[in-house]
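Undergrad: Predicted model and sequence below, questions to follow.
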Amino acid sequence: MNAVSSGISRLKALTCSAHLLYSGALLELAQVKLALKPKKEIVLLSRTAMIPTLGHFLVVLQLYFVHEFSLQRVFYILTVLVATYPLYKLHQNQHREPRQPHETAWLRSIVSILDGAFSSEHEHPHFPPEADDLGPGLGRKLCGDLDHLYHLLGIDDPSSQLFPESHTILCTIHLDCMFCPNEGHPPTLRRHRDPQQIRLLDKHFCWVNAYLYVAYCPKCKAEYYPDRITYHETETSSGRIQRLEYNAAYLRVSKHGIWMDRRIALTQENAILRFHSGWSNFADWLSDTTGQKPRITPRQSQRLYFEHFARRLISAGHLEETFTVPAHSSAHVLAEYVRDTIGKDGGVVAGSMDHGCTRCTHLKRYTADLLAEGAVLNEDDTGVVDVPDIAQENTATNAPVGAVPPGLPAHPKQQERVPGSPRGYARLAVMDGKTITHRICAISTCEKPLVNYKNGRFCKDHLELRSVCGIVGCTRPVHPNGAATCSDESHKEWHRKYLNRFGRLSFPGVQRVIRRQAIEAAGSQTGPSLHSELPELNGVSGDNVAHTFRAGTTYCLQTVQWSCGCPIGWGKCYRSESSSQVLKIIEKIWESHPDSRPSFLAYDDACNLLRHIVTQYPDSPWIHVTKLIVDAWHYIGHQASDILCRIWCNPAPSNGSQPDVILVSIDDNGHTHTTRAFNTETAEQLNAWLNGFEAQLRQMSDINFDFSVHVLMLLYKELVEKRVEKKNEGLNEEFWDKVESTD
């Protein structure tokens, strides 16, 4: 009895002495602890403890942890201890039945988990290095007292939280001013004003209160926010500009104190990529997921999109040091500045010119290589590998013969290797147009953006035409004010029927009509089209009546990619997919990368593009550096009498005149076959992927359209690169050694 009383007295002394931690007396606590057995101490403490205290916690640390453990390891083990409590409850519940083993499978699982946390091979290899074998047996020792430990630390109390959430502080990561000259030491940053309480959507999709601190430089007055830095561009300038913080952990999505964790933006990125989610849909999903107020608005979702992808696009182009935007600019202004920086009406996908893989880049080949591999070639310079004989197709239509224009030889020059020269490599790019458009001014000759994208029809230059009759050619004012036509009854009647036919027609509705007409027109010579079924007006058929009742649209989106699918760049055709507009697009894409032009460019109308270049720009590198070919799928439908197309734009000549685009393969029976070396249909595959975003893009302004297409191209490029890495299709050192080889 005296021994027990003595033990309890010592235990009380131990608990009280825990408070000596702050005075450096932890060693005394350890010496007192050694006089008792851990089991007795924990049992007595757990029976007498009402509220877990610091003293109880220090006892646990002294009994079950060694001093050499890093602080990270200690906290990690404690979190593991908390995480295993549900397993311990299952262990206890199993013991309610008779004849159960003392050590259930649940308890063995806990022992295994805790042993792993105590061992040197724990799940966090980035912890500081520690001596081996510091904690063998400690996990099982701790498991022997789990019941009392859970009670002592309050883990078994569902109303308590061992690791409560702390206040979230938002502030800059900078310590000194990055703009002031470094004269010994740059100015340190000061607190700008009292902290602002904000609402933050954290990484757990929960709304929490947070505090925003803004720093400033007392010398240049630059202000440092968590996601941006605002400053005067020059000492005499009155306006302020801002730089973006590209690794910001939090992003502001509202001027009214609403911020979001950057991981919410990554969630939005994945929702766009995988589910084609729009801003409004993502806002609704996010609000439903949080289940808390405030609800996220579509405008905040849009702002999150622009803030996140502005940083992604600028970083991808390595423009962080030069890109600036007016301070505290709106989402619209931010998108406009990013669009103007990386490309208006098109541009180059960052990093695409440096891309290379086994699907788009091959070793340079010569006719001698084909013959050495056993290829069976013929003398027909119009024959195509893997394509049926089409020499007799379309001849009954009396199509005119497309002669080779002056400036081109009758036949492409045969490729011959210069002795002693490096072998080199060949790359093929593919181009195609996709009818993804956005609205522009209703005037047929104008390509400018609308003033009002909600229900407007005109650009800023033609805005006064709102007060003129919408029937082109009629110059009378509208009547009454706000109407679309003048007082002419025939114009009013025609406009009324137009509204009945098209007033409520949505993009999905147009698609349904076209699909229905396609079914009805099956077997006919003409393709499906949207029949207007409008009445005549002044002797002009309804289809041909020119009017401005609806905004115009661009003609198509032109995309260019390597034959592996990696996007290179894109552009917009405003009025038609003419050869002149297509040439401007590819000239713009390769303007800053002349040495990265492809060896081959596959395009469905390459023959007309080549004819245009030869007649208008005979010295163009698109004639002398790149060979324009028609992709295999469209080549079948081209006129057999077009000599330029058949000879110069052949996608894979069976006579071996273009050995770079032909491979030799041997089948299971040992027979030799020639096949096409590149996939010329990747543009169709990219365009099919873009179909999922067509409805959203059609409703956007010109700025948002350009910005979003840049985003989609970047995302698709990253998808292709992940596939290349996963399948190990990258170009290795062996490939480049062969490229440089002179053998």
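TA: Nice, thanks for sending it over.

Undergrad: Got the domain ranges for the protein?
TA: Per automatic domain parsing, the domain ranges recorded for the chain read 2-152, 168-342, 354-435+555-726, 444-551.

Undergrad: Same list, those, but as TSV with distance to residue 740 please.
TA: (Glycine included, C-beta is placed from N, CA and C.) Supplementary listing: these in TSV, determined by distance: least, CB to CB, whole Å:
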stretch	distance to residue 740
domain 2-152	40
domain 168-342	28
domain 354-435+555-726	5
domain 444-551	47
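
Undergrad: Quick one: closest of those to residue 348.
TA: The stretch from these with the least distance to residue 348 (CB to CB) is domain 354-435+555-726; that distance is 4.4 Å.

Undergrad: Quick one: end-to-end distance for that closest one.
TA: 19 Å (CA to CA, to the nearest Å).

Undergrad: hmm, back to that, for the domains of the chain, give me a markdown table that also has mean pLDDT, mean neighbour count and distance to residue 733.
TA: As requested, those are exported to a markdown table (pLDDT from 0 to 100; neighbours: other CB atoms under 10 Å; distance: least, CB to CB, whole Å):
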| stretch | mean pLDDT | mean neighbour count | distance to residue 733 |
| --- | --- | --- | --- |
| domain 2-152 | 71 | 15 | 30 |
| domain 168-342 | 94 | 17 | 25 |
| domain 354-435+555-726 | 86 | 18 | 13 |
| domain 444-551 | 80 | 14 | 48 |
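
Undergrad: of the ones you listed, which approaches residue 741 most closely?
TA: Residue 741 lies closest to domain 354-435+555-726 among the domains of the chain, at 5.6 Å (CB to CB).

Undergrad: how far does the closest one sit from the chain's center?
TA: Taking the mean of its C-alpha atoms, domain 354-435+555-726 sits 26 Å from the chain's own mean (CA atoms, centre = their mean, to the nearest Å).

Undergrad: go on, stretch 100-114?
TA: For stretch 100-114, the distance from its own C-alpha centre to the chain's C-alpha centre is 45 Å (CA atoms, centre = their mean).

Undergrad: Check stretch 319-326 too.
TA: Shown here is stretch 319-326, whose average C-alpha point lies 20 Å from the average C-alpha point of the whole chain (CA atoms, centre = their mean).

Undergrad: go on, stretch 547-563?
TA: 23 Å.

Undergrad: do the same with stretch 444-464
TA: Taking the mean of its C-alpha atoms, stretch 444-464 sits 31 Å from the chain's own mean (CA atoms, centre = their mean).

Undergrad: just stretch 211-227 next, same as before
TA: The chain centroid and the centroid of stretch 211-227 are separated by 30 Å under CA atoms, centre = their mean.

Undergrad: CA-only coordinates of that stretch in CSV, if you can.
TA: What follows is the C-alpha trace of stretch 211-227 in CSV, where atoms were taken according to Å, rounded to 0.1, in the frame of the first residue of the first chain:
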residue,chain,number,x,y,z
TYR,A,211,-6.6,37.4,-42.7
LEU,A,212,-5.0,39.3,-45.6
TYR,A,213,-1.7,41.2,-44.9
VAL,A,214,-0.3,43.5,-47.5
ALA,A,215,3.4,44.5,-47.5
TYR,A,216,4.9,47.6,-49.0
CYS,A,217,8.3,49.0,-49.7
PRO,A,218,8.9,52.4,-48.0
LYS,A,219,11.2,53.5,-50.7
CYS,A,220,9.4,52.8,-54.0
LYS,A,221,5.9,52.2,-52.6
ALA,A,222,5.5,48.8,-54.3
GLU,A,223,2.7,46.8,-52.7
TYR,A,224,3.1,43.1,-52.2
TYR,A,225,0.0,40.9,-52.2
PRO,A,226,-0.1,37.2,-52.0
ASP,A,227,-0.9,36.8,-55.7
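
Undergrad: Now do that stretch: everything it contacts.
TA: Taking CB atoms under 8 Å, 6 or more residues apart in numbering as the criterion, the residues outside stretch 211-227 that touch it are 167-172, 174, 177-180, 187, 189-193, 195-198, 229-232, 244-245, 248-252, 257, 259, 307.

Undergrad: hey, where'd the helices end up in the stretch 251-400 of the chain?
TA: In chain order, the stretch 251-400 of the chain shows helices spanning 262-275, 279-290, 298-316, 331-342, 367-372, with DSSP state H, counting those that start in this stretch as the criterion.

Undergrad: could you dump those to a markdown table with distance to residue 723?
TA: Formatted as a markdown table, the helices of the stretch 251-400 of the chain follow (distance: least, CB to CB, whole Å):
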| stretch | distance to residue 723 |
| --- | --- |
| helix 262-275 | 14 |
| helix 279-290 | 26 |
| helix 298-316 | 18 |
| helix 331-342 | 24 |
| helix 367-372 | 28 |
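
Undergrad: Which of these sits closest to residue 431?
TA: Between these, helix 331-342 lies closest to residue 431; by CB to CB that is 20.0 Å.

Undergrad: picking up where we left off before, now intersect the contacts of stretch 211-227 with the strands, please.
TA: Cross-referencing the contacts of stretch 211-227 with the strands (criterion: DSSP state E) gives 168-170, 190-191, 196-198, 229-232, 244, 250-252, 259 as the overlap.

Undergrad: still on that earlier bit, which one of the domains of the chain lies nearest to residue 735?
TA: The closest of the domains of the chain to residue 735 is domain 354-435+555-726. By CB to CB, the value is 7.3 Å.

Undergrad: Please tell me I have it right and residue 251 contacts residue 306.
TA: No - using CB atoms under 8 Å, residue 251 and residue 306 do not qualify as a contacting pair, with a distance of 9.8 Å.

Undergrad: before we move on, the earlier item: for residue 452, find the nearest of the helices of the stretch 251-400 of the chain.
TA: Residue 452 lies closest to helix 331-342 among the helices of the stretch 251-400 of the chain, at 13.5 Å (CB to CB).

Undergrad: residues making contact with the closest one?
TA: Under CB under 8 Å, 6+ apart, the answer for helix 331-342 is 299, 302-303, 306-307, 310, 313-314, 317, 319, 323-326, 329, 350, 703-704, 706-707, 710.

Undergrad: Over to stretch 436-451?
TA: Residues from elsewhere that reach stretch 436-451, judged by CB under 8 Å, 6+ apart: 453, 456-463, 465, 546, 548-557, 574-575, 690, 693-694, 697-698, 700-703, 705.

Undergrad: end to end, how far does it reach?
TA: Across its full length, stretch 436-451 reaches 21 Å end to end, with CA to CA as the criterion.

Undergrad: And for the closest residue to residue 79 other than its chain neighbours, the neighbour number?
TA: With sequence-adjacent residues excluded and distances taken as CB to CB, 6 or more residues apart in numbering, residue 79 is closest to residue 163, at 7.3 Å. By the other CB atoms under 10 Å criterion, the neighbourhood of residue 163 contains 9 residues.

Undergrad: Now residue 163: which helix or strand?
TA: Element membership for residue 163, per DSSP states H and E: none, as it lies in no helix or strand.

Undergrad: What separation do you get for it and residue 154?
TA: With the distance defined as CB to CB, to the nearest Å, residue 163 ends up 11 Å from residue 154.

Undergrad: Kindly report the same for residue 54.
TA: With distances defined as CB to CB, the gap from residue 54 to residue 154 amounts to 12 Å.

Undergrad: report the longest strand in this structure, please.
TA: For the chain, the strand with the greatest residue count under DSSP E is strand 425-434.

Undergrad: and that strand, which strands flank it?
TA: The sheet places strand 425-434 alongside strand 361-363 (antiparallel), strand 556-562 (antiparallel), strand 600-603 (parallel), with pairing taken from DSSP bridges.

Undergrad: In TSV: those, plus distance to residue 428.
TA: Output for the strands paired with strand 425-434, formatted as TSV (distance: least, CB to CB, whole Å):
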stretch	distance to residue 428
strand 361-363	8
strand 556-562	7
strand 600-603	4
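
Undergrad: closest to residue 588 out of these?
TA: Using CB to CB and comparing the strands paired with strand 425-434, the one that lies nearest residue 588 is strand 556-562, at 10.5 Å.

Undergrad: tell me which element the residue sitting nearest the centre point of the chain is part of?
TA: In the chain, the C-alpha nearest the mean C-alpha coordinate belongs to residue 715, at 3.5 Å (CA atoms, centre = their mean). Secondary-structure element containing residue 715, defined by DSSP H and E: helix 702-726.
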